[in-house]
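# Have a look; sequence and predicted model below, questions after that.
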Amino acid sequence: MSDTPALAQIESLDYEGRGVAHVNGKTLFIDGALPYETVEYRSYRSKSSYENADTVRVVKESFMRTEPRCPSFGVCGGCSMQHMEFTAQVAVKQRVLEDNLARIGKVTPERVLTPIAGQPWGYRQRARLSARWVAKKDEVLVGFHEKRSRFVVDMRECHVLPPHISALLLPMRALIGKLSIRDRMPQIEFAGGAEVDVLVFRNMDAITPADEALFKAFADEHGKVRPLQVWLQPKGPETCYPLCPLDTPKLTYRLDDFAVEMPYYPTEFTQVNPAINNVMVSRALRMLDPQPGERIADMFCGIGNFTLPIARSGASVHGMEGSQALVKRAVENATHNGLQDKVSYEMANLFDVTEESFAGLGKFDKMLIDPPRDGAVQLCQALSDDSAPQRIIYVSCSPSTLARDAGVLVNTKGYTLKAAGIINMFPHTAHVESIAWFEKTGPCKTREQLAAMAAAEEAERAAAKAASMAARAEREAIEAELNREENERLAAERAERLEAKEARRAYYFAEKARREAEAAAGKPVDE
């Protein structure tokens, strides 16, 4: 790859927030570029059909461009869209969702929901920071990783963290630098609760009494305005324990609209953005519209983020989750909120669910699904006319898997996509959280219909592949013809040059012989 920058006109953004352009038949994905811009770029990865590149210089700016707030932007891998105006970020994410639904799922919502945008700064109440002792610099670095690197950014501030946690970056560096195990502490996990902040230090070796004193002094100094508790994690997440102080409030988050409070361990999964989470749960519950007496399923329920608010309505809720630890915490949270009589929980692998196993759970009136990035295609495929809930609310962290599953629900299971929209859970990143409402309006496709659809799709794929191969063959034939013509032209030029060279050589020797003959005959020789 050449180090010389080249020019590109940016057409759109991809799902990772990179500018998309096309140059010489290749698709370019350019970090730091925005739609409608002309940029100089330099490639760092080149494949046969695409290239990845960095923006070297913006020649013509987009109206979406703004000045990044963070001095580490462009180096830090934590944010990828600070250079884009905030409302434009939200609009782009909405477009990503709509494009995925149309292209992958071949579905269109009857109504596009107003995006939930939230606050752009200081929103992260969960973060996993890396720590690294750099012997050559005689200092500790604490922060996120650099883009496409395992190196830790030399961060002194972070504007997506709460300001009081951002202010601890340098004190944490100083603390670790004084520890006996400064080179054996690779990670700090931050969890912000309703009444306390927790920092979990990953200690790969045991700490000394002197280290413990340093931790206590750190917690005392920085926990005066808002309680701060230090935890240690010697091995896996299940080994973490509080070190100091031990008299702080419990780590909890709240859903104020539903009078729900959920205690949790700092290494357990909870939403990064609790303010947006509260709005998201409220929107999901309005669409789900749970009623007393209904039986509702909460799939991938976690520690009860949706289960307990649903139970507040008087409905009976059955939560299912693949982690026994999360199920245990969900049961405890139900009791903590006095809702144990309205909820039941079960550990199950929802990626292996079948039509028979789902039917065995009994009939649900409605269902909420909040899966990980892999989506819930097995669950969607397991629905039948006998077991399918009347309404499904699907909360997604991946537009592509939501679109795939929406295609299953709408095109094979008799559902209508009533509404869909995005939730900007992670401002300044390309992450797209979304929510969709499906209503049962028709029968499921029969096995024969599904087989016919599969055959038609296979035929369509085969036709598309054949057309692509034909187009490729045509391109290769044209290129071969052009190469043949070019080779013939070059060969003719070479032959012409050789012929001219031989003619000059023959002329030279003929002239030489003539001059020698004239000289031998005593005639004057022409110069």
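Cool, got the structure.

# do you know how far residue 33 is from residue 417?
33 Å (Cβ to Cβ, to the nearest Å). For the C-beta atoms, the positions are set from N, CA and C on the backbone; glycine is no exception.

# Which of the two has more residues huddled nearby?
Neighbour tally, residue 33 and residue 417, criterion other Cβ atoms under 10 Å: the higher count belongs to residue 33, 29 against 21.

# List the contacts of residue 4.
Counting by Cβ atoms under 8 Å, 6 or more residues apart in numbering, residue 4 touches residue 42.

# Show me the shaky parts of this protein.
1-3, 524-527 (pLDDT under 70).

# Confirm that residue 494 sits in a helix.
Yes. Counting by DSSP: H, G, I helix; E, B strand; the rest coil, residue 494 is part of a helix.

# Next one: it from residue 481, what distance?
Noted for residue 494: a distance of 20 Å to residue 481, by Cβ to Cβ.

# With residue 99 instead?
Residue 99 sits 38 Å away from residue 481, taking Cβ to Cβ as the criterion.

# got it, and residue 227?
For residue 227, the distance to residue 481 equals 76 Å [Cβ to Cβ].

# do the same with residue 16
Taken as Cβ to Cβ, the span from residue 16 to residue 481 is 39 Å.

# Kindly report the same for residue 263.
Per Cβ to Cβ, residue 263 is found 73 Å from residue 481.

# What of residue 451?
For residue 451, the distance to residue 481 equals 44 Å [Cβ to Cβ].

# which one of residue 99 and residue 481 has more residues nearby?
A side-by-side neighbour count of residue 99 and residue 481, using other Cβ under 10 Å, places residue 99 first with 14 against 10.

# Just confirm the more buried one is within a helix.
Yes. Assessed with three-state DSSP, residue 99 lies in a helix.

# now it: how far from residue 428?
21 Å.

# Same check on residue 296?
Distance of residue 296 to residue 428, given as Cβ to Cβ: 35 Å.

# Give the pairing partners of the lengthiest strand in the chain; include direction for each.
Counting residues, the longest strand in the chain under DSSP state E turns out to be strand 50-60. As defined by DSSP bridges, the strand partners of strand 50-60 come to strand 26-31 (parallel), strand 38-46 (antiparallel).

# which residues in the stretch 301-450 of the chain form helices?
307-312, 324-336, 355-359, 377-381, 399-412, 447-520 (DSSP state H, counting those that start in this stretch).

# tell me what the second one is packed against?
In this structure, helix 324-336 makes packing contacts with strand 260-263, helix 307-312, strand 316-321, strand 343-347, judged by 3 or more Cβ pairs under 8 Å, 6 or more residues apart in numbering; DSSP states H and E.

# Around residue 390, how many other residues sit close by?
Neighbourhood size, residue 390 [other Cβ under 10 Å]: 14.

# for stretch 361-377, which positions count as buried?
Within stretch 361-377, the residues that count as buried by 16 or more other Cβ atoms under 10 Å are 364, 365, 366, 367, 368, 369, 370, 371, 375, 376, 377.

# can you check stretch 441-451 too?
For stretch 441-451, a neighbour-count test (16+ other Cβ under 10 Å) marks residue 444 as buried.

# for stretch 228-247, same thing?
Within stretch 228-247, the residues scored as buried using 16+ other Cβ under 10 Å are 228, 229, 230, 231, 232, 233, 240, 242, 243, 244.

# Check stretch 417-431 too.
Here stretch 417-431 shows 417, 419-431 as buried, counting by 16+ other Cβ under 10 Å.

# Look up how far residue 375 lies from the residue nearest to residue 106 when sequence neighbours are not counted.
In space, and not counting its chain neighbours, residue 106 is closest to residue 407: 5.7 Å by Cβ to Cβ, 6 or more residues apart in numbering. According to Cβ to Cβ, residue 407 stands 11 Å off from residue 375.

# residues in contact with residue 19?
Contacts of residue 19 (Cβ under 8 Å, 6+ apart): 8, 10, 12-13, 28-35, 37, 39, 55.

# And what about the residue lying closest to it once chain neighbours are set aside, helix, strand or coil?
Nearest in space to residue 19, with sequence neighbours left out and distances taken as Cβ to Cβ, 6+ apart, is residue 33 at 2.9 Å. Recorded secondary structure, residue 33: coil (three-state DSSP).

# Surely residue 33 touches residue 55?
Yes. The criterion here is Cβ atoms under 8 Å, and residue 33 meets it with residue 55 at 4.9 Å.

# Now list whatever residues contact both of these two.
Residues touching both residue 33 and residue 55 by Cβ under 8 Å, 6+ apart: 19, 39, 41.

# Pick the one among those residues closest to residue 316.
residue 19 (49.6 Å; Cβ to Cβ).

# So what pairs up with that closest one in the strands?
Under the criterion DSSP bridges, residue 19 forms beta bridges with residue 13, residue 30.

# Please tell me how far it sits from residue 160.
Distance from residue 19 to residue 160, by Cβ to Cβ: 22 Å.

# Residue 337 now?
Residue 337 sits 30 Å away from residue 160 when distances are taken as Cβ to Cβ.

# same question, residue 186
Plainly put, residue 186 is 22 Å away from residue 160 if you go by Cβ to Cβ.

# ok, these two, which is more surrounded?
residue 160 (23 against 14).

# Sticking with the more buried one, tell me its helix or strand.
Using DSSP states H and E, residue 160 sits in no helix or strand.

# show me what contacts it?
Contacts of residue 160 by Cβ under 8 Å, 6+ apart are 70, 78, 79, 121, 122, 123, 124, 427, 428.

# before we move on, what about residue 81?
By Cβ under 8 Å, 6+ apart, the contact set of residue 81 is 17, 89, 428, 429, 430.

# Export the residues you listed to a markdown table and append columns for distance to residue 156.
Listed next are the contacts of residue 81 as a markdown table, based on distance: Cβ to Cβ, whole Å:
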| residue | distance to residue 156 |
| --- | --- |
| 17 | 24 |
| 89 | 25 |
| 428 | 18 |
| 429 | 21 |
| 430 | 25 |
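
# Of those, just say which sits nearest to residue 327.
Using Cβ to Cβ, residue 429 comes nearest to residue 327 of those, at 29.7 Å.

# and the closest one, how far is that from residue 125?
Distance, residue 429 to residue 125, using Cβ to Cβ: 15 Å.

# now do residue 388
Counting by Cβ to Cβ, the separation of residue 388 from residue 125 is 36 Å.
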